[in-house]
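> sequence? don't have it. structure:
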């Protein structure tokens, strides 16, 4: 939708061109962006498992939707046309919301610059700020009085963020993210569930009118190709209802307040959910107070770093050093994109993070764990920093379990990895985790290995002069050691070895997309916590990081660089071939959970 705009890092404010503007509740945008062909690892035999029950938009009008539309119409007539957050807010959160609305950067998209007519904006959430939110704030602040305010613009499909100090009664920092959707409020989640439950198409598919309490994944963003969710970048979620060994996705467009499609996925047979951890609330309190609100320090085997759980970017490590030499500014897990069809294009965009006051769809299940790393001969070779995220109903269908892992070796190598433990919401899922890895140093260069060509060209490292992306596939070139890329300042650096099934955790290959972007202080490209930045279901390179490259890539020679790494793992529920899968089985008369994780992630090997 915003392909005609300059990149936000260039400092230009976006504008929209509408041939007409409807202020009731339907906003049509200018873009018609489409996914490209099927990815390399998508099965072409999925259609039989994804029966289409509804192709056209539902035209049903519901009383509570009419009430919502009338409220929108009223708000659009106000001098400040913003729908306020309807979730329960304490006095400080309410104050932060109002302070943010007096900031000119935060409110720069309230009206169309040409017609001067109001655009539909809504504050989705007001959350206590984390330390990971405050990277761009240069003035003094008291973190306990700071809040992160998130506002969504339905017409432009962008997110405005303000960091507010209610004690000082001012905005400390504000910015926007183009083509980005924050996680929805509890009110909007309830609205989506009501639309799904009351829709005749859902009731017909299930054979009954489902109960609202049975809706799963209702607040997690989704997409559906060839619907407005995909064509016009509408805000869509998918309340999901499990029936036997299938799951029904009710894909709801919250921009137009209507059901736009239903899809079935096979989820397989399952026993009961795994037993709940005892004193779960106390566990969540400890995670939040010890690992979400403050950074922890780690010194071990020559490595030093800080680490903390973020609101939506998983476990973040920062100021990473080996033998006191800087290695990384920070690294984190921004998104999980989960697609359940190579043709229809539907699935989820998940975030992982803190259990309280968080934008995460799948939250931290326990505290970060540090363990010894050993080789095949049981020799200690380093250590692991690992975090688990889990839905409460896992491993039953439409519940998720993710693992995030940092491996640090005694010889200076390190690996950034993650895994899906299954079972998810279908047996035809492709998981695409999005890593952001920011390297230390201001004079780095990035290289890609090329094998010798058929015309006599020599093998060697070829430098990337500008920001770009590349895909790991059957045509990719690797050194004899398995390296595909290199990042170096001329004297020190790291080779990058993507997963090809060679690592001990048994991955089947990463089939990765790699993006390199230039890091410029003050430019909002992920240094602070990000909402989900990409659509769930694209099979090509459009996974989110490309928005920081297109349409005008920067020169990256001798620069501070960020490497984005997006692996692709396809689940498998075939007996004896399980991958990205989990199930409950009866052993000796009791239920036990068996897991078949799929790990992915690159290894970084010192150049010298």
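Good, I have the coordinates. Since the model is a prediction, treat every value here as computed from it, not as a measurement.

> Every contact and neighbour count from this point should use C-alpha atoms.
Will do.

> I figured residue 493 was touching residue 485, is that so?
No. Taking contacts as CA atoms under 8 Å, residue 493 lies outside contact range of residue 485: 10.9 Å.

> so where do the helices sit in the stretch 101-250 of the chain?
In the stretch 101-250 of the chain, helices defined by DSSP state H, counting those that start in this stretch lie at 186-198, 200-206, 228-231, listed in chain order.

> Output the below-cut-off pLDDT ranges for this protein.
Within the chain, the stretches falling below the threshold (pLDDT under 70) are 1-60, 221-228, 230-232, 269-283, 342-344, 358-359, 454-456, 588-589.

> can you rerun that using 80?
Residue ranges of the chain with pLDDT under 80: 1-61, 217-233, 268-286, 289, 341-345, 356-361, 453-457, 522, 586-591.

> Would you map the helices across it?
Shown for the chain, the helices assigned by DSSP state H span residues 63-75, 91-100, 186-198, 200-206, 228-231, 280-287.

> and residue 140, how many residues sit next to it?
Other residues near residue 140 come to 7 when the count uses other CA atoms under 10 Å.

> Would you enumerate the residues in contact with residue 566?
432, 433, 434, 435, 512, 513, 514, 543 (CA atoms under 8 Å, 6 or more residues apart in numbering).

> Surely the first one touches residue 567?
What that stands for is residue 432. Yes. The pair formed by residue 432 and residue 567 meets the contact definition of CA under 8 Å, at 5.4 Å.

> Nearest to residue 416, out of the helices of the chain?
helix 280-287 (22.0 Å; CA to CA).

> returning to that earlier point: determine which of the helices of the chain approaches residue 174 most closely.
Set against residue 174 and scored by CA to CA, the helices of the chain come closest in helix 91-100, at 8.6 Å.

> Could you list the buried residues of that closest one?
When neighbours are counted by 16 or more other CA atoms under 10 Å, the buried residues of helix 91-100 are found to be 92, 93, 95, 96, 97, 99, 100.

> Need the residues you listed in TSV (columns: distance to residue 382).
Supplementary listing: these in TSV, determined by distance: CA to CA, whole Å:
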residue	distance to residue 382
92	45
93	44
95	48
96	45
97	46
99	48
100	46
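
> And the residues you listed, which is closest to residue 376?
residue 93 (52.3 Å).

> For the closest one, list the residues it contacts.
By CA under 8 Å, 6+ apart, the contact list for residue 93 reads 126, 127, 147.

> Burial check on the nearest residue to residue 219 once chain neighbours are set aside, number of neighbours?
Excluding its sequence neighbours, the residue lying closest to residue 219 (CA to CA, 6 or more residues apart in numbering) is residue 189, at 5.2 Å. When neighbours are defined as other CA under 10 Å, residue 189 has 19 of them.

> Quote the end-to-end distance of stretch 334-345.
21 Å (CA to CA, to the nearest Å).

> chain center to it: distance?
When C-alpha coordinates are averaged (CA atoms, centre = their mean, to the nearest Å), stretch 334-345 and its chain have centres 11 Å apart.

> same question, stretch 193-201
For stretch 193-201 - counting by CA atoms, centre = their mean - the centre lies 27 Å from the chain centre.
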